[in-house]
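Student: Prediction below, plus the sequence it came from.
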Amino acid sequence: MEVLSRGTAPVGDWLTARRPFPQMRSALLDAEAYLNGYKNTEHHAAWRRLRDSAADECAVLTALNALLAVDAAVLAVGRRDGHWSLIARGTLPHRESAAVLAITALVQQGGTDRFKRCRRSECDHVFLDWTNGATRVNCRLHLSLPPCP
């Protein structure tokens, strides 16, 4: 019996996630899409505040906590793929809720330094750096390019 439904996100695997956080890749990619306005959401303003807070630790934490408050996620136990799993049930749609929780887990493990703005001067994107050494300097669109001087 599958109990995951709208507004739930699997978090069991994330509790033991180690860098580079492969378990959260899909949710982190969704988070980048919400942050940069590529995915529609009725909470666009809250995502925009988080996006605009990049490079300011206090502002990132304040904006992230505001998004968590919007989602009002609570932990629950359910069955997923035939196994018991820890899930979070929130008020946001599944993928958006998972994106918020993935950013939270990433920041909890690696700090707000993993929440970055692309260094290309012509780019306005933010990205989430889940690499081993947190060494990315450019967004996904400019990944193979060196940073501008």
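Tutor: That came through fine.
Student: any idea which residue sits dead centre in the chain?
Tutor: I103 (3.0 Å; CA atoms, centre = their mean).
Student: how near is that residue to L35?
Tutor: 9 Å (CB to CB, to the nearest Å). C-betas here are computed from N, CA, C, even on glycine.
Student: And C58, by the same measure?
Tutor: Taking CB to CB, one finds C58 at 18 Å from L35.
Student: ok, the two, which is more surrounded?
Tutor: L35 (22 against 9; other CB atoms under 10 Å).
Student: Which residue, other than its chain neighbours, is closest to that one?
Tutor: R51 (4.5 Å; CB to CB, 6 or more residues apart in numbering).
Student: neighbours of the closest residue to L106 other than its chain neighbours, just the number please.
Tutor: Nearest non-adjacent residue to L106, counting by CB to CB, 6+ apart: R114, 5.5 Å away. Neighbour count for R114, taken as other CB under 10 Å: 21.
Student: Identify the residues contacting R114.
Tutor: R114 is in contact with L106, V107, L128, D129, W130, A134, counting by CB atoms under 8 Å, 6 or more residues apart in numbering.
Student: which of those residues count as buried?
Tutor: The neighbour count (16 or more other CB atoms under 10 Å) marks L106, V107, L128, D129, W130 as buried among the contacts of R114.
Student: all helices of this protein, in order?
Tutor: Along the chain, counting by DSSP state H, helices occupy 25-35, 44-52, 57-71, 94-110.
Student: sorry, back to before: from the buried ones among the contacts of R114, which is closest to L67?
Tutor: V107 (11.5 Å; CB to CB).
Student: Confirm for me that the closest one is in contact with L64.
Tutor: Yes: when contacts are counted by CB atoms under 8 Å, V107 is listed as touching L64 (6.5 Å).
Student: Just give me the neighbour total for the closest residue to G111 other than its chain neighbours.
Tutor: Distance criterion CB to CB, 6+ apart; nearest residue to G111, sequence neighbours excluded, is E57 at 7.8 Å. By the measure other CB under 10 Å, the count of residues near E57 is 13.
Student: Lovely, talk soon.
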